[in-house]
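**Q** Just the structure for this:
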Amino acid sequence: MSNIAFKTLQDKVVLITGAGSGIGAACSRIFHAQGARVVLTDVNSAGLVAMQQELGDARTLVRVVSATEREALDGLVNDILSRWGRLDVVFANAGIACEPPNTMARMPESVFERIIEVNLLGVWRTVRACLPAIRESQGHVLMTASIYAYVNGMANSPYAAAKAGVEMLGRSLRAELAGTGATAGVLYPGWVSTPIAHGALGADPIASELVKFAFKGSLKTPITPEVVAMATAKGICRRSARITVPGRWIPVSLLRGLIGPLSDWFVDRSSRIHQLVRQLEQR
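**A** A predicted model of the protein is given here:
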C-alpha cells in the first residue's frame, strides 16, 4: 500500500503535545491557520488557555495532560474520536531540559530520570496511545528529537540520550508501519529561541559560553519557533521520514560517523571546555 502525501492540513485532526509554548505553540498556530483541527495538550494550563483564546473553539480541543500519563492519553484519544471521529496526525513534541545544565556526576538523579521520563517515555506513551487511531486513518506520527540525537551531549546528557532514543523510536516505527498506509517521521530542530534553550542561549553565562565555544559558525545561531513550524507543516504533508531545521544541520547528520568522533577528539583536548565544565560542577 502506498503512502499518499497529504495535499494540505485542511480538515486534518492533529494532536500536538507540549502545545503551550515554544515549538508546540508555533506549530499549533501554523497548523490551525492551514485549516487543521488541532488538539492541544500540555502541563502548562496557562499556555493552553492563551492558545485556546487565540485560536477559538471551533477547530480547537484543549486538554491539560502530561505526556507521561498513559491512562490520561488514552482518555484524550477517546475524546478526539468522540468529537471528530478520527485522528490523522500525532505530533509527540513535549519535552524538558536540564535546568541548570550540569554533568552526570553533579546532576540530581531525580532530574536526570525525570528528563528521560518526559522526553523519551512520554513520546513512547503518546505514540502508543494514538497508534490504533493513526493506523485506522492511515495517518502520520511525528516525534521531536533534536540535533542532540547525534552531537555530544556534555552538560545535557539526559536530554541528548532521550533525543537519541526518540530518533530510533521514529525510525523503527516508520519501518514497522511500512505497507500499512500509515507513516512516521522524526523532527530534528537545531538551536531554537524557546524557553527550553534559554539557558544555553544567554540566560546561563557558563552554558552559553560552552555552546559558543563548542559549536562553530552558523551552527550556534538560533532560529525562531515559527521557522520550525513552517518546516514541520511541510514535512507532515509530505510524510517525511526526517525534518531537519535549519537545513545547515543536514550535512552534520549525514556525516555524523566522521564528525562525531572528530568533535569528541576536540572536546577531549580543549582545555577551555574542560574549564567550563568544571565551573558548571563547582557552582
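**Q** Pull the helix ranked longest in the chain out as PDB, backbone CA atoms only.
**A** Secondary structure assigned by DSSP state H gives helix 157-177 as the longest helix of the chain. Extracted in PDB, the C-alpha atoms of helix 157-177 (Å, rounded to 0.1, in the frame of the first residue of the first chain):
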ATOM      1  CA  SER A 157      23.300  14.200  28.800                       C
ATOM      2  CA  PRO A 158      19.800  13.000  29.800                       C
ATOM      3  CA  TYR A 159      18.300  15.300  27.100                       C
ATOM      4  CA  ALA A 160      20.700  14.100  24.500                       C
ATOM      5  CA  ALA A 161      20.200  10.400  25.500                       C
ATOM      6  CA  ALA A 162      16.400  10.800  25.300                       C
ATOM      7  CA  LYS A 163      16.600  12.500  21.900                       C
ATOM      8  CA  ALA A 164      18.800   9.800  20.500                       C
ATOM      9  CA  GLY A 165      16.300   7.300  21.800                       C
ATOM     10  CA  VAL A 166      13.400   9.200  20.100                       C
ATOM     11  CA  GLU A 167      15.300   9.200  16.800                       C
ATOM     12  CA  MET A 168      15.400   5.400  17.000                       C
ATOM     13  CA  LEU A 169      11.800   5.100  18.000                       C
ATOM     14  CA  GLY A 170      10.800   7.100  14.900                       C
ATOM     15  CA  ARG A 171      13.000   5.200  12.500                       C
ATOM     16  CA  SER A 172      11.800   1.900  14.000                       C
ATOM     17  CA  LEU A 173       8.100   2.900  13.800                       C
ATOM     18  CA  ARG A 174       8.400   4.000  10.200                       C
ATOM     19  CA  ALA A 175       9.800   0.600   9.300                       C
ATOM     20  CA  GLU A 176       7.100  -1.200  11.200                       C
ATOM     21  CA  LEU A 177       4.300   0.800   9.600                       C
END
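**Q** from the middle of its chain, how far away would the helix or strand following it be?
**A** Scanning forward in sequence from helix 157-177 by DSSP states H and E, the next helix or strand is strand 183-189. The chain centre lies 9 Å from the centre of strand 183-189; the measure is CA atoms, centre = their mean, to the nearest Å.
**Q** Alpha carbons of strand 183-189, as CSV, please.
**A** C-alpha atoms of strand 183-189 as CSV (Å, rounded to 0.1, in the frame of the first residue of the first chain):
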residue,chain,number,x,y,z
THR,A,183,3.8,6.6,8.3
ALA,A,184,6.2,8.1,10.9
GLY,A,185,8.9,10.7,11.0
VAL,A,186,11.4,12.5,13.2
LEU,A,187,11.9,16.2,13.7
TYR,A,188,15.4,17.4,14.3
PRO,A,189,15.4,21.1,15.4
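**Q** How about residues contacting it?
**A** The contact list for strand 183-189 (CB atoms under 8 Å, 6 or more residues apart in numbering) reads 3, 23, 93, 139-147, 149, 166-167, 170-171, 173-174, 177, 223, 228, 232, 235-236, 239-245, 249, 253. C-beta coordinates here come from the backbone N, C-alpha and C atoms, glycine included.
**Q** what's the answer for stretch 243-262, then?
**A** For stretch 243-262, the external contacting residues (CB under 8 Å, 6+ apart) are 142, 147, 150-152, 185-190, 218-219, 223, 227-228, 231-232, 235, 242.
**Q** In helices, which of these fall?
**A** 227-228, 231-232, 235.
**Q** Out of the residues you listed, grab the one that's most surrounded.
**A** Highest neighbour count within the ones in helices among the contacts of stretch 243-262: Thr232, with 27 neighbours (other CB atoms under 10 Å).
**Q** Quick check: that one vs Pro195, distance?
**A** 18 Å (CB to CB, to the nearest Å).
**Q** can you give me the strands for the stretch 1-150 of the chain?
**A** For the stretch 1-150 of the chain, the strands defined by DSSP state E, counting those that start in this stretch cover 13-17, 37-42, 60-64, 89-92, 140-144.
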